[in-house]
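[1] Give me a model of this one.
(chains A, B and C)
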Amino acid sequence: MVIADYLPLLVLTAMALGVVTVIICLAQFFGPKNPTPEKMMPYESGSDPIGEPQATRFSVKFYMVAISFILFDLETIFVIPWAMSWQDSAALGHGLYSFAVMAIFLSILTVGLVYEWSQGGLEWD
Amino acid sequence: MSWEPTLAHYLILSAAVFTIGMVGVLVRRNAIILFMSIELMLNSVNLSFIAFARYRVDLDGHIFAFFIMAVAAAEAAVALAIVLHVFRHKRGIEVDEMQELKH
Amino acid sequence: MQLLSTLTTLGLLTPPEGAELVALVPGAIVTLVAVVFILLDVFHNKGTSREYQAYFAAIGLVLTAASCWYLWDMGLERPVFFGMLYLDRYSLFFSGLACASAALMILASPAFLRSHQMDRGEYYLLILISVAGMIFMVQAADLLTMFIAFEVMSIPLYVLASFLRKDSRSAEAGMKYFILGAFSAALMLYGIALIYGATGTTNLEYIRENLFFLSAAGASHGAFGMVMIGVLLILSGLAFKVAAFPFHIWAPDVYTGSPTPSVGFMATAVKVVGFATMIRVFSVAFPLEVLRGGFFGWGWIDVAFVFAIGSMLLGNLVAVTQDNVKRMLAYYGIAHAGYLSIGFVAANSHPSFFLHNDAILYSLTAYTVALVGAFGVLSYFGRRGEAVETYADLGQLGIKYPKMGMIMTICVLSLAGVPPTGGFLAKFYIFRTGVDVGVQTGEMAFIYMVIVGVIGSVIGAYYYLKVIVYMYMKPALREVRPLATKGKLWALGACAAATLYLGVFPAKPIDVCRSAIMSMSGVPAEVQATIDRGQMELDRRLQVDED
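    The predicted structure is shown next:
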């Protein structure tokens, strides 16, 4: 890994930043400005905006989904290395053992899922 | 411009991120930001583990990083639940305002 | 990719020998109980009492403790699961103690939870999972296992601290515990990363060997600086868990805000396991002279010395000013971490004093039963959603409820260190250890530590006698009701009985502590020599007794 390999990326970033800055400055200085009430409104697909954006908070339901996701998603970091090496262990004749190990792990997770389900953690309403 | 990042560079980066996280925990007052700072500390530890493991061509460090990620996720679940719990009672999550237990 | 498959084939996927599986038994029982408990809770009939769940969990813990008893003579010489877990009497002793603390506190919980309208099965489940973490933590032979067990132990405790959903103080306690706990865990992890970087392994014994090798090869000062920082970070992570000065700030707030029975559990079991891990990790992995230091060579012994002095002074002095009993007990917990640190410093300052660690084991046992009893009595009284917390709340309780008064008096006297209770002997052994080591080495610092400890205990007697004075001599301020269940009476009675037993018949418990400390596997050769000498002496004494 040589840092010089990343030089094109640096050039690209610099160019992108430069172009954007130049265009914004040009529009700021030379563009015609004629603000009307309609133009000052936030754009919500053409219809009049309803309520203040800050007033709407995210529902707690999203939090439940996110937490369930992250907990059950992370099991993959243990399952994938296991899957990668399962064949090796099967070749050594320990296939059943390593299968059992993962089965215990997954069944404990399943009990967690059953619990979450029974507590209504998977309901949206 | 041919320059190899060495172990020292990763360690310096990791120490810097760890320090940023630590200072964040010590000076910020919003519970979510505190929690983010702790995550920053954990991830800087991950970075040093991976750097050391790579440097020594040894896998223990990688495995350790996996477990840190899993633990961080479990901590995140608990942390957000506690933050929510606090918010319901106090309508705010500034840790400065938590003085009820001090009398 | 090549490497990955090699490692996993060697490590994860080769079945261990049948004998090695024995090492999993205590942890597996408690985990299995927890898993069955989840299913039990899922099929619980809503609206009915959950008291049976408490008994189920307690029986599970008793089974675990019984398995520790059963395995007592079946310890293994070497760490099992590819250097991940030890099975020795040392770990079984602490597993059993953690189970006892959890079972007693679980029995003391149901009525308290009902009165706070939080009669939920999760409470017992969290304690069970935490105990599983504790069992693996005292068995850990690798910093990886230690870290995972550390977190499995801690995360349920954060939830337990904030368990009372209707109480904003509980929320605050959970928040504080979580932020500071996760912070200290991150510090410890960074320490582990540095050790791993310097030695290339996380196994405790390999760390020791590699460090010896590094120092023999004349490693640069910088490399050892890194190791030293790592060692101190690990020490501070553990010091946080046992609430030693200067990592104690969370304790008073968390103890005050959390539900009383769960405080009894976290104040005792966590401290027990914290000290067990501290002794194991530092005597197995970092016995190197450069790292150990000792009277201001600034190694970990010196840092523990600062912890000891600071905790004893701060804990005892601040405890006097408290008017909340839970808060006072929290400050006493800090002071007690200081007393235990005297033992830690003295017994680990040189390999030849290693056997003095038995004072720590005995002291932890006495402290656990007495403190569990005290918190149990506090959680025995209350009114709808309100707990008995201040001294004033205790007014007249000793007269109205003579049994509870008796139990509280015994436990409090033990904590204050008054004979003939276990607490007195515990303090005596700890101080004697300090004096012994001080006399043998001629190092005054040990003696100073003991002097501070003795002054601290005198102060401690004042705020503990205050509890008794309030219970018997002060008027009652408000009406409180007993939150009684049968199990709770039994549990509290058992605490008081154990406290007296430890004080009156100490010979047997001390033998158990001694044999636990002598069985610690993985210790360096010098320590092993000390243990062998101790064993020979013991055999000779038994011989004489027989003749």
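
[2] average pLDDT across the host helix or strand of residue C:105?
    Element membership for residue C:105 (DSSP states H and E) is helix C:89-107. Computed over helix C:89-107, the mean pLDDT rounds to 94.

[3] what's that helix packed up against?
    The elements that helix C:89-107 packs onto, with contact taken as 3 or more Cβ pairs under 8 Å, 6 or more residues apart in numbering or on different chains; DSSP states H and E, are helix C:25-42, helix C:51-70, helix C:122-139, helix C:260-285, helix C:358-378, helix C:486-504, helix C:507-518. C-beta here means a position set from N, CA and C on the backbone, and glycine is covered the same way.

[4] What angle do helix C:122-139 and the fourth one make with each other?
    Orientation check (axes from the mean of the first three to the mean of the last three Cα atoms, to 10 degrees): helix C:260-285 against helix C:122-139 gives 10 degrees.

[5] Residue C:448: how many residues sit nearby?
    Around residue C:448 there are 14 other residues, counting by other Cβ atoms under 10 Å in any protein chain shown.

[6] before we move on, back to that, tell me what angle the helix holding residue C:105 forms with helix C:51-70.
    Going by the same axes, to 10 degrees, helix C:89-107 makes 160 degrees with helix C:51-70.

[7] Any stretches of chain A with poor pLDDT?
    Within chain A, the stretches falling below the threshold (pLDDT under 70) are A:1-3, A:49-58.

[8] Could you find the closest non-adjacent residue to residue C:78?
    Nearest residue to residue C:78 in three dimensions, chain neighbours excluded: residue C:521, at 7.2 Å (Cβ to Cβ, 6 or more residues apart in numbering or on different chains).

[9] hmm, back to that, quick one, which of the helices and strands packed on helix C:89-107 is nearest to chain B?
    Taking Cβ to the nearest Cβ, helix C:122-139 is the member of the helices and strands packed on helix C:89-107 nearest to chain B, at 10.5 Å.

[10] and that closest one, what does it pack onto?
    For helix C:122-139, the contact count by 3+ Cβ pairs under 8 Å, 6+ apart identifies helix C:25-42, helix C:51-70, helix C:89-107, helix C:143-161, helix C:260-285 as packing neighbours.

[11] Could you tell me how far that helix lies from the centre of the chain?
    Between the centre of helix C:122-139 and the centre of its chain there are 13 Å (Cα atoms, centre = their mean, to the nearest Å).

[12] got the buried residues for the lowest-mean-pLDDT helix or strand in chain B?
    Lowest on mean pLDDT, DSSP states H and E among the helices and strands of chain B sits helix B:60-90, with a mean of 91. By neighbour count, and taking 16 or more other Cβ atoms under 10 Å in any protein chain shown as the criterion, the buried residues in helix B:60-90 are B:60-68, B:70-73, B:75-83, B:85-86, B:89-90.

[13] what packs against it?
    Helix B:60-90 is packed against helix A:60-73, helix A:76-91, helix B:31-56, helix C:143-161, helix C:168-199, with contacts defined by 3+ Cβ pairs under 8 Å, 6+ apart.

[14] buried residues in the first one?
    Neighbour-count burial for helix A:60-73, counted by 16+ other Cβ under 10 Å, picks out A:64, A:67-68, A:71.

[15] Let's have the helices and strands packed on helix B:60-90 in a markdown table, adding distance to residue C:63.
    Rendered in a markdown table, the data for the helices and strands packed on helix B:60-90 read as follows (distance: least, Cβ to Cβ, whole Å):
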| stretch | distance to residue C:63 |
| --- | --- |
| helix A:60-73 | 29 |
| helix A:76-91 | 29 |
| helix B:31-56 | 36 |
| helix C:143-161 | 19 |
| helix C:168-199 | 29 |
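
[16] in stretch C:197-215, what's buried?
    Neighbour counts over stretch C:197-215 (16+ other Cβ under 10 Å) mark C:197-205, C:207-208, C:210-211, C:214-215 as buried.

[17] so which of these comes closest to chain A?
    For those, the closest approach to chain A (Cβ to the nearest Cβ) belongs to residue C:202, at 17.2 Å.

[18] Which residue is the nearest non-sequential neighbour of the closest one?
    By the measure of Cβ to Cβ, 6+ apart, the closest residue to residue C:202 outside its immediate chain neighbours is residue C:143, 4.2 Å from it.

[19] now residue C:429
    Using Cβ to Cβ, 6+ apart and skipping residues adjacent in sequence, the residue nearest residue C:429 is residue C:359, 4.0 Å away.

[20] I'd say that neighbour and residue C:427 touch.
    No: Residue C:359 sits out of contact with residue C:427 when judged by Cβ atoms under 8 Å, with a separation of 9.6 Å.

[21] Compare neighbour counts for those two and give me the winner.
    Counting neighbours by other Cβ under 10 Å for residue C:359 and for residue C:427 shows that residue C:359 has the greater number, 31 against 27.

[22] before we move on, back to that, go through the buried residues of stretch C:197-215 and say which is closest to residue C:273.
    residue C:204 (16.2 Å; Cβ to Cβ).

[23] ranges for the helices of chain A?
    A:7-30, A:37-40, A:60-73, A:76-91, A:95-118 (DSSP state H).

[24] which ones are touching residue C:170?
    The contact partners of residue C:170, taken as Cβ atoms under 8 Å, 6 or more residues apart in numbering or on different chains, are C:161-164, C:257-259.

[25] Keep only the residues you listed that also lie close to chain B.
    Among the contacts of residue C:170, the residues within reach of chain B (Cβ under 8 Å from any Cβ of the partner chain) are C:162, C:257.

[26] can you pick the most crowded of the contacts of residue C:170?
    Neighbour-wise, the contacts of residue C:170 (other Cβ under 10 Å) top out at residue C:161, 29 neighbours.

[27] my read: it touches residue C:260, true?
    No: using Cβ under 8 Å, residue C:161 is not in contact with residue C:260; the gap is 11.8 Å.

[28] Give me the nearest residue to the spatially most central residue of chain B, chain neighbours excluded.
    Nearest to the geometric centre of chain B sits residue B:39, at 2.4 Å (Cα atoms, centre = their mean). The shortest distance from residue B:39 to any non-neighbouring residue, by Cβ to Cβ, 6+ apart, is to residue B:72 (6.3 Å).

[29] number of nearby residues for residue 27?
    I'll assume chain A. Here the count is done by other Cβ under 10 Å, and residue A:27 has 10 residues near it.

[30] that's the wrong chain, I wanted chain C
    Other residues near residue C:27 number 25, with proximity taken as other Cβ under 10 Å.

[31] ok, it - contacts?
    C:95, C:132, C:135-136, C:139.

[32] need the contact list for residue 46.
    Since you didn't name a chain, this refers to chain A. Applying Cβ under 8 Å, 6+ apart to residue A:46 gives no contacts.

[33] Let me rephrase: I mean chain B.
    For residue B:46, the contact set (Cβ under 8 Å, 6+ apart) comprises B:65, B:68-69.
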